[in-house]
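Novice: Sequence and computational prediction follow.
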Amino acid sequence: MASGGHVLIIEDEPVIALELEALLAELGFSSFDVADTPEDALACARAQRPDLITADYRILHGTGVAAVEMIARAVGESPVVYVTGNAGQFDPGRHAVVDKPISPRALAAACAKACLPH
């Protein structure tokens, strides 16, 4: 799917971040940054603009939504998949969302949805 793209994983649970990295590597993504706060996410995006962002809803010192908004203002929009236990916070018609625990099939479908032109 991705042919070597870069992913910014915004997640404050290290085990979940590692799981996401492994699953996304299987989908063809080749490089990753992991951030657990909105500020760290912004710094990572400024250092290397992501081809895809995965974001948890609740993270340290804020939300993945706030991190994504900060990144969009600073470096431009990137496709986003929200990987969260709080899926009810999102409009499934507007957002690509994957419930935790993560299903590889659901993650692949959400990545495909997020990467479609809007």
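Specialist: Received the coordinates, thanks. Residues are numbered from 1 along each chain as shown.
Novice: drop to CA atoms for contacts and neighbour counts, all remaining ones
Specialist: Will do.
Novice: now the residue nearest to the spatial centre of the chain, what's its secondary structure?
Specialist: Nearest to the mean C-alpha position of the chain, counting by C-alpha atoms, centre = their mean, stands residue 54 at 0.7 Å. Assigned state for residue 54: strand (three-state reduction, DSSP: H, G, I helix; E, B strand; the rest coil).
Novice: Give me the pLDDT for it.
Specialist: What the model reports for residue 54 is a pLDDT of 98.
Novice: My guess is it contacts residue 84. True?
Specialist: No. The criterion here is C-alpha atoms under 8 Å, and residue 54 misses it with residue 84 at 9.5 Å.
Novice: I'd like the next helix or strand past the helix or strand that residue 8 is a member of.
Specialist: If you go by DSSP states H and E, residue 8 is part of strand 6-10. For strand 6-10, the succeeding helix or strand toward the C-terminus, using DSSP H and E, is helix 14-26.
Novice: ok, and what's touching the helix or strand following that next one?
Specialist: Tracing the chain past helix 14-26, the next element assigned as helix or strand by DSSP H and E is strand 31-35. For strand 31-35, the external contacting residues (C-alpha atoms under 8 Å, 6 or more residues apart in numbering) are 4-12, 17, 21, 41, 44.
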